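>>> Test case, fold it:
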Amino acid sequence: MKTRIIKVDQLNFNVFDQGMGEPIVLLHGFPDSLKVWRKLIPHLLAAGYRVIAYDQRGFGATDAPIGVTNYRSRNMIADLVGILRTLHVTEKVKLIAHDWGANIGWGAVIAHPELFSSYVTLGVGHPTAYAKAGGFEQLRKSWYAVSFLASGWAEKLYSQHNWALFRKFTRNNPEASRNWLPDLQRPGRLTAALNWYRANLNPYYWESQAVKVDRTVDLPVLGIFGEQDPYLSYAQLHNSVRYAPQLKIVAIVGAGHWLQLENTTLIFQRIRQFYAK
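Presented below is the predicted three-dimensional model:
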């Protein structure tokens, strides 16, 4: 994919921006980069959309500022707004997001609803539903997040023995050797990625971001859930309808966490049907 570097608020962002139609923005999560969208992007371009994807701060070819506080979610929301401004996007945006990107996506549509026409979240529910409705199942599936909080120790634990625990945690996904590890093995990059968790996983997470998370999202929202997702519970997405009344949920039988890579055609079909309504 052909990308370019743009500067937004003193940081260099690696950005993909192609197409001439209605804008779609794609937000990746951990431990990805914009490459995670490489299979979906051609479908969206062929459908006539302008597609924008970028490496979020700390990932891929985008800058990785030093310090935990640089990775607070309000900064990533500001990054999104700044990138739209820098790219002269004046139309309302169709937002599609995955994993941590979906957390940022929820924060963005809550804080800046005027910028978006719809939201597609891959797996992740509204932040209040995630916190209140995920229950024991979500706690069990999120065990890794606690280990990520131990600065220094986590970096050693996950990288030792040729990244054995990281490979186990990601279930020997071929993306590890293809994309994740080449990125994370660079100096400071694993710490930058883990800082997303360290900056935001605390009892006052969203309150500290100046985002009113109990605010209703009055936009069309599509939630696509992989029934075999090892990291997310269905309850946290299902109960998001309390905070997003227009939420529609599609569950994909047999699908896992990386829907955009493993179920690309089906995901595109569901998104296209959602946009057609």
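
>>> So the most centrally placed residue in the chain, which state does it fall into?
The chain has residue 101 as the residue nearest its centroid, 1.6 Å off, counting by CA atoms, centre = their mean. Here residue 101 takes the helix state, with states given by DSSP: H, G, I helix; E, B strand; the rest coil.

>>> For it, give me its contacts.
Residue 101 makes contact with 26, 27, 28, 29, 56, according to CB atoms under 8 Å, 6 or more residues apart in numbering. Placement of C-beta: from N, CA and C, glycine included.

>>> so which of the residues you listed comes closest to residue 142?
Relative to residue 142, the closest of the contacts of residue 101 is residue 29; by CB to CB it sits at 13.5 Å.

>>> and that closest one, that's in a strand?
No - counting by three-state DSSP, residue 29 is not part of a strand but coil.

>>> Now do the same contact list for residue 62.
Residues in contact with residue 62 (CB under 8 Å, 6+ apart) are 11, 12, 13, 14, 54, 55, 56.

>>> In a helix, the third one, correct?
No - when three-state DSSP is applied, residue 13 is found to be strand, with no helix at that position.

>>> Touching, it and residue 78? I think so.
No - when contacts are counted by CB atoms under 8 Å, residue 13 is not listed as touching residue 78 (12.0 Å).

>>> follow-up on the earlier one: of the contacts of residue 101, closest to residue 89?
Nearest member of these to residue 89, counting by CB to CB, is residue 26, at 13.3 Å.

>>> centre of the chain versus stretch 23-42, how much separation?
From the chain centre to the centre of stretch 23-42 is a distance of 9 Å (CA atoms, centre = their mean, to the nearest Å).

>>> tell me which residues in it are buried?
For stretch 23-42, the neighbour count (16 or more other CB atoms under 10 Å) marks 23-41 as buried.

>>> do the same with stretch 121-131
Buried residues in stretch 121-131 (16+ other CB under 10 Å): 121, 122, 123, 124, 125, 126, 127, 128, 129, 130.

>>> ok, for residue 252, nearest residue in space, not its chain neighbours?
Nearest residue to residue 252, sequence neighbours excluded (CB to CB, 6 or more residues apart in numbering): residue 226, at 5.3 Å.

>>> Please disregard the earlier target; I meant residue 261.
Closest to residue 261 by CB to CB, 6+ apart is residue 39, at 5.9 Å.

>>> what's the pLDDT at residue 78?
Residue 78 carries a pLDDT value of 98.

>>> quick one: which helix or strand includes the residue lying farthest from the centre of the chain?
Largest separation from the mean C-alpha position in the chain: residue 161, at 28.3 Å (CA atoms, centre = their mean). Assessed by DSSP states H and E, residue 161 sits inside helix 153-169.

>>> could you say what helices and strands that helix packs with?
helix 143-148, helix 181-184, helix 189-200 (3 or more CB pairs under 8 Å, 6 or more residues apart in numbering; DSSP states H and E).

>>> Ok, which of these comes nearest residue 89?
Ranking the helices and strands packed on helix 153-169 by distance to residue 89, with CB to CB as the measure, places helix 189-200 first at 24.4 Å.

>>> Need the mean per-residue confidence for the helix or strand following that closest one.
As assigned by DSSP H and E, the chain's next helix or strand after helix 189-200 is strand 221-226. Strand 221-226 carries an average pLDDT of 99.
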